[in-house]
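Asks: What follows is a predicted protein model with its sequence.
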Amino acid sequence: MGWVTPLGDDVEAVWKKLLAGESGVSRTALFDAGSFPTTFSAQVPAALLEKLCERNGEAHARSSRNTQFALSAARSAWRAAGLEAFPAIDATRVGIYLGGGEGPLDFAPFAAAALSGCHDDGGKPIPLDTVRWARAAMNVLDATNELEQEPNLAGGHLAVEFNAQGPALNTLTACAASTQAVGEAANLIRYGDADVMITGGTHSMIHPLGVTGFNRLTALSTRNENIAQASRPFDRFRDGFVLGEGAGILILEELAHARGRGAVPLGEIAGFGSTADAFRITDIHEDGRGAVAAMSAALKSAGVGPAEVDYISAHGTGTEENDKAETLAIRKLFGGHAKKLVISSVKSMIGHLIAAAGAVELITCLLAIRDGMVPPTINYSTPDPNCDLDYLPNKARSVPVKTALSNSFGFGGQNDAIVVRAFAD
């Protein structure tokens, strides 16, 4: 496994920071956000990005932030899996499945329309604040050398880098994308279509139009006076999420194939569930029905009962309705065991990585299983009667974890859940 996060890119170093409750939130530096309702984000530090670009080399020099993140995380994962020293892999049995998102260039047509004074699809004038933010976006585009806008191109770069000639797939199911990618990548191995899958997600939406969209949805925190405490999942006074960026990549391998080269598995992707709310495009169903169905399907496919789950890595965005609905869904599915579960959201520290969030959070589940330590939900100070479970406030805890569940819920009513457990030979 490998990642690039607002707290760094070294797996062990970032893990220590997460256990220590360190925040990766800072004032937005990628563009001038001074006039925006939200002036902060969880960015990959500029010095780290420069190092990644240098490391990724000339072949990928003009690729997007998304691709640079994915390449670096994948290289770390490939090396950690011992595959660099094992050249005998059949390239046609190595596949790619990413949850990959849009970049600034995907918003260029809208920005151009705003600048030209066009009307929206309903014939109404585009609001002046959107026009102003669109101008900022176009200024960013003028200064960038990004040539890529197709979401699947990060996967294309990975295929070139690792000579992966097997299945090559990409999904963009909003905040659930990388969880869906990992779950379906595992299924491709189970179906016999691949021996090794490079999977996970990569995303960056920290640009004027990305921020504008979430601000207009009132989804982002506007706690500009205290940015380190802005991301506060499940807290009574939460006011939205903090936009983050980065990548998380996992190498999945068929067991006999892994044993054949002497690999030691970090864990087992035991089950996966995917459902739709069939409700509203931007709202989770208030009774949590889609989340219940996704978690239930993941447990069923893993052959795991609710009482066997030790830890849930929550979607836990810090928005009013999502945290409430996720809590209700957990209570419905787990019954009396819900009160015994340890639940936390690392979004409180690294922000919401959108399409990359689920893969990064799944890596934290594997590390929790390995070390018997669970990262906290920081900035939790005031309990919410509607969120009445153990969210591990502010301090990491020693917890024996054999089975963990990772939740991801996205716009469009997409719900995905993965069960990961300790590997038993």
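Replies: Perfect, I can see it now. Numbering: from 1, shown residues only.
Asks: distance of A297 from H285?
Replies: 16 Å (CB to CB, to the nearest Å). All C-beta spots, glycine's among them, are computed from the backbone N, C-alpha and C.
Asks: so where do the helices sit in the protein?
Replies: 11-19, 46-56, 65-80, 108-115, 128-143, 153-162, 177-190, 208-216, 255-260, 289-302, 320-334, 347-350, 357-371 (DSSP state H).
Asks: Could you list every helix and strand that the shortest one packs against?
Replies: It stands for helix 347-350. helix 11-19 (3 or more CB pairs under 8 Å, 6 or more residues apart in numbering; DSSP states H and E).
Asks: hmm, who's touching the helix it packs on?
Replies: 1-3, 5, 7-8, 24, 76, 80, 346, 349-350, 363-364, 367, 371, 373, 375-376, 396 (CB atoms under 8 Å, 6 or more residues apart in numbering).
Asks: so for it, what's the average pLDDT?
Replies: For helix 11-19, mean pLDDT is 98.
Asks: how about low-confidence regions in this protein?
Replies: Scanning the chain for pLDDT under 70 picks out 102-149.
Asks: ok, now with 90
Replies: Scanning the chain for pLDDT under 90 picks out 54-65, 84-89, 100-153, 207, 209-210, 213, 279-287, 411-413, 424-425.
Asks: Let me see the domain layout of it.
Replies: What automatic domain parsing lists as the domains of the chain is 2-260, 268-421.
Asks: Point out the most buried one among those.
Replies: Ranked by mean neighbour count under mean count of other CB atoms under 10 Å, the domains of the chain are led by domain 268-421, which reaches a mean of 22.
Asks: how distant is that domain from the center of its chain?
Replies: Computed by CA atoms, centre = their mean, to the nearest Å, the chain-centroid distance of domain 268-421 equals 13 Å.
Asks: can you check stretch 39-57 too?
Replies: Distance, centroid of stretch 39-57 to centroid of chain: 17 Å (CA atoms, centre = their mean).
Asks: Just the endpoints, please. Distance across that stretch?
Replies: With CA to CA, to the nearest Å as the measure, stretch 39-57 spans 32 Å from end to end.
Asks: One more: stretch 387-395?
Replies: Note: stretch 387-395 ends 18 Å apart using CA to CA.
Asks: Kindly report the same for stretch 282-295.
Replies: OK, stretch 282-295 end separation, CA to CA: 20 Å.
Asks: Contacts for it next, please.
Replies: Residues outside stretch 282-295 that contact it (CB under 8 Å, 6+ apart): 217, 219, 273-279, 315, 321-322, 324-326, 328-330, 332-333, 405, 407, 409, 411, 413, 415-417.
Asks: And stretch 318-326, by the same measure?
Replies: 219, 221, 231-235, 238-242, 283-288, 291, 314-317, 345, 347-348, 384, 386-387, 407, 409.
Asks: hmm, 6 Å instead?
Replies: 219, 231-234, 238, 240-241, 284, 286, 288, 291, 314-315, 386-387 (CB atoms under 6 Å, 6 or more residues apart in numbering).
Asks: Tell me the one of the residues you listed nearest M197?
Replies: Nearest to M197 among the contacts of stretch 318-326: H315, at 23.4 Å, using CB to CB.
Asks: give me every residue that touches the closest one.
Replies: Residues in contact with H315 (CB under 6 Å, 6+ apart) are E326, N407, S408, F409.
Asks: now P87
Replies: Contacts of P87 (CB under 6 Å, 6+ apart): none.
Asks: try the one 5 residues further on
Replies: T92 sits next to Q165, G166 when contact means CB under 6 Å, 6+ apart.
Asks: Same check on L71?
Replies: Per CB under 6 Å, 6+ apart, neighbours of L71: N56, H60, H157.
Asks: Could you check how far it is from Q180?
Replies: In terms of CB to CB, L71 sits 21 Å off from Q180.
Asks: got it, and D277?
Replies: For D277, the distance to Q180 - CB to CB - is 15 Å.
Asks: which residue packs closest to S274, ignoring adjacent ones?
Replies: Using CB to CB, 6 or more residues apart in numbering and skipping the chain neighbours, the partner closest in space to S274 is D416 (5.0 Å).
Asks: in the sheet, who's paired with that neighbour?
Replies: Legend: beta-bridge partners of D416 under DSSP bridges are S274, S408.
Asks: That one and V182 touch, don't they?
Replies: No. Using CB atoms under 6 Å, D416 is not in contact with V182, being 8.9 Å away.
Asks: number of nearby residues for the residue nearest to A258 when sequence neighbours are not counted?
Replies: Nearest non-adjacent residue to A258, counting by CB to CB, 6+ apart: P265, 6.1 Å away. When counting by other CB atoms under 10 Å, one arrives at 17 neighbours for P265.
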